[in-house]
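[1] can't give you the sequence, but here's the structure:
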């Protein structure tokens, strides 16, 4: 089932940018776009969405007061040219805060937060697709990665090597930011250079683990946390 989203922004160019970004994601359906929050409220009286991309500075009703007026809030990602509303926005429990102009890599990071939430909601439901997220593998192409196929994520300075059961991918992202997007019950960072899938561990020997025939060491600062989580010590 696709994630239904709505765009609310008084700048047609900003709407166009978000629409173009969304074209890369088959799992998200844009249901409508509005240039003011009043029309969006009328639409939401008879329609439901899962996600709203919301500008703040708009005529008649600004984005923050729009959020406060909602009885049932979907996930909300702020899209604005102003950074000064960030604190107040997060107090209203927005999912992310994107500052214009919105780059595609930053947009992907925000949507991966959305996928993480929906994947966690689907875990206990039968006949649904396995949890996944998207990574950018070249200038325009997005690749769906299933969480249960990931073995190891390795830091290569400003890049990452993601090793799955059948492939390897190099992406431009830091290990810290990538690890934050993964479910804590399934993945753990064991070293400044490695995050691993806990269920893919074959053996544990000393301060290292073996996954698919390759041994990965524990970093000194990670040893206690790793052993507590993996071995329940």
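    Done, it's in. Values in this document were obtained by computation on a predicted structure and should not be read as measured data.
[2] domains of the chain?
    Domain assignment for the chain by automatic domain parsing gives 3-120, 130-230.
[3] need the winner for burial among those.
    Most buried of the domains of the chain, by mean neighbour count (mean count of other C-beta atoms under 10 Å): domain 3-120, with a mean of 17. Bear in mind the C-beta positions are built from the backbone N, C-alpha and C, glycine included.
[4] which of the domains of the chain has the lowest average pLDDT?
    Sorting those by mean pLDDT places domain 130-230 lowest, at a mean of 90.
[5] how much space separates residue 73 from residue 19?
    Noted for residue 73: a distance of 23 Å to residue 19, by C-beta to C-beta, to the nearest Å.
[6] and the residue nearest the centre of the chain?
    Nearest to the mean C-alpha position of the chain, by C-alpha atoms, centre = their mean, lies residue 112 at 1.9 Å.
[7] any idea which helix or strand carries it?
    According to DSSP states H and E, residue 112 maps onto helix 104-122.
[8] other SSEs contacting that helix?
    Under the contact criterion of 3 or more C-beta pairs under 8 Å, 6 or more residues apart in numbering; DSSP states H and E, helix 104-122 touches helix 12-22, strand 75-80, strand 96-99, strand 132-136.
[9] what's next to that helix, contact-wise?
    Defining contact as C-beta atoms under 8 Å, 6 or more residues apart in numbering, one finds that helix 104-122 is touched by 3, 18, 21, 24-25, 27-28, 50-51, 75, 77, 95-96, 98, 128-129, 131-136, 142, 147, 172-173, 177, 181-183.
[10] repeat that for stretch 91-103.
    With C-beta under 8 Å, 6+ apart as the criterion, stretch 91-103 contacts 14, 17-18, 21, 54, 64, 67-68, 73, 75-83, 86, 89-90, 106-107, 109-110, 113-114, 117.
[11] please redo it, this time with the cut-off set to 7 Å
    14, 17, 64, 67, 75-81, 83, 86, 89, 106-107, 110, 113-114 (C-beta atoms under 7 Å, 6 or more residues apart in numbering).
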